[in-house]
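Visitor: structure for the following, please:
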Amino acid sequence: MRNLDENTITTAVLARHEHAPDERLKTIVTSLVRHLHAFAREVGLSEREWEAGIRFLTDVGHITDDRRQEFILLSDTLGLSMLVTAMAHRKPDGCTEATVFGPFFVENAPEYRNGDDVANGARGEPCFVSGVVRGQGGEPVSGARIEVWQADADGFYDVQTGDAETHRARGVLHSLADGRYHFRSIVAEPYPIPHDGPVGRMLKALGRHPWRPAHLHFMITAPGYHRLVTHVFRDGDRHLDSDAVFGVRSSLIAPWIHHDCGTAPDGTVMSTPFSTLSFDFVLSQSP
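Guide: Predicted coordinates for the structure are as follows:
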């Protein structure tokens, strides 16, 4: 097809995909092309702006490695990650809401028993976390696999510190027969997403901050139930209404209760202040 112009090129591109063997791929790419072309027409995209966009995406790729996923950060900060999560995880009333997965999950985190200290030396005020995992009918979920991870007091996950051999403030445990779980960690603190790269430059150019409110990540799986990926957010955090990745849900906000020196919930006599967090999870049943 020759002599295409700005009014005919979209139809020509879509015609090239007419015989794509994968119907779902064809649907996605067709819509992508239509929206991309419509976007370029709507803003009157210049060659200089197009080149800047290509450089930006190239920079995002160059900074991405096995410890940093800048494309996930880009998706998160544009709200795409949370949009996809919301569409994919519509739940019955009463079930714990899902939120973004984030770029700092690690496979094969160390296993712990209930009551253990998953902080493993991470900096922060001690925090004792407990709760119950239930199904949507109120039944306790025994043996649910609970994966938890969080940043330290300085706002860094263990994978950002350069010590790939030592996992801190992350681990795996399983709910007890009555659905209960409990472990020791550290108090969650707000932190900025990595903003020393192209996504950070984008946020600055848009007049946006890179901060996330304090939270713990949880991923809970159990036979007969849908997997739950969520956060528990710290009540009172100043960034709850301006989370850089749009992940906050009111139902996921909980109080971290501060305590002076004394006896912790597990009987440990604490010579320093500590906090407690209690949060119950409700899983939706799978078919």
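Visitor: which residues does Thr172 contact?
Guide: Wrong residue type there; residue 172 is Val, not Thr. 109-112, 145-148 (CB atoms under 8 Å, 6 or more residues apart in numbering). Bear in mind the C-beta positions are built from the backbone N, C-alpha and C, glycine included.
Visitor: what's the closest of those residues to Ile257?
Guide: Using CB to CB, Val148 is the member of these that lies nearest Ile257, at 18.5 Å.
Visitor: is that closest one in a helix, a strand, or coil?
Guide: Secondary structure, DSSP: H, G, I helix; E, B strand; the rest coil: Val148 is strand.
Visitor: what number of residues lie near it?
Guide: Here the number of neighbours of Val148 (other CB atoms under 10 Å) works out to 22.
Visitor: about what we covered before: tell me the one of the contacts of Val172 nearest Ile63?
Guide: For the contacts of Val172, the nearest to Ile63 is Ala109 (24.6 Å; CB to CB).
Visitor: wait, the closest one touches Arg170, no?
Guide: Yes - counting by CB atoms under 8 Å, Ala109 touches Arg170, with 4.9 Å between them.
Visitor: where do the contact lists of these two overlap?
Guide: 147, 149.
Visitor: between these two, point out the one with more neighbours.
Guide: In this view Ala109 and Arg170 are compared by other CB under 10 Å, and Arg170 has more residues nearby, 24 against 16.
Visitor: contacts only, for that one.
Guide: Going by CB under 8 Å, 6+ apart, Arg170 touches 106, 109-110, 118, 147-150, 157-158.
Visitor: which one of the residues you listed has the most neighbours?
Guide: Gln150 (29 neighbours).
Visitor: show me what contacts that one?
Guide: Counting by CB under 8 Å, 6+ apart, Gln150 touches 157, 169-170, 185-186, 188, 215-217.
Visitor: cutoff 7 Å now
Guide: Applying CB atoms under 7 Å, 6 or more residues apart in numbering to Gln150 gives the contacts 169, 185, 188, 216-217.
Visitor: Gly143 against His174, yeah?
Guide: Yes - counting by CB atoms under 7 Å, Gly143 touches His174, with 5.3 Å between them.
Visitor: circling back: now for the contacts of Gln150: which two are most distant?
Guide: Applying CB to CB across the contacts of Gln150, the maximum distance is between Ser185 and His217, 11.2 Å.
Visitor: which of the two has more neighbours?
Guide: Between Ser185 and His217, counted using other CB under 10 Å, the more crowded position is Ser185 (26 against 23).
Visitor: from the contact counts, what lies against the helix or strand hosting that one?
Guide: Take DSSP states H and E as the rule and Ser185 turns out to sit in strand 180-186. With contacts taken as 3 or more CB pairs under 7 Å, 6 or more residues apart in numbering; DSSP states H and E, strand 180-186 sits against strand 126-135.
Visitor: can you give me the mean pLDDT across the strand it packs on?
Guide: On average, the pLDDT along strand 126-135 is 98.
Visitor: re earlier: more neighbours: Gly143 and His174, which one.
Guide: Neighbour totals were compared for Gly143 and His174, and His174 leads with 16 against 12 (other CB under 10 Å).
Visitor: strands along the stretch 1-150 of the chain, start to end?
Guide: 126-135, 145-149 (DSSP state E, counting those that start in this stretch).
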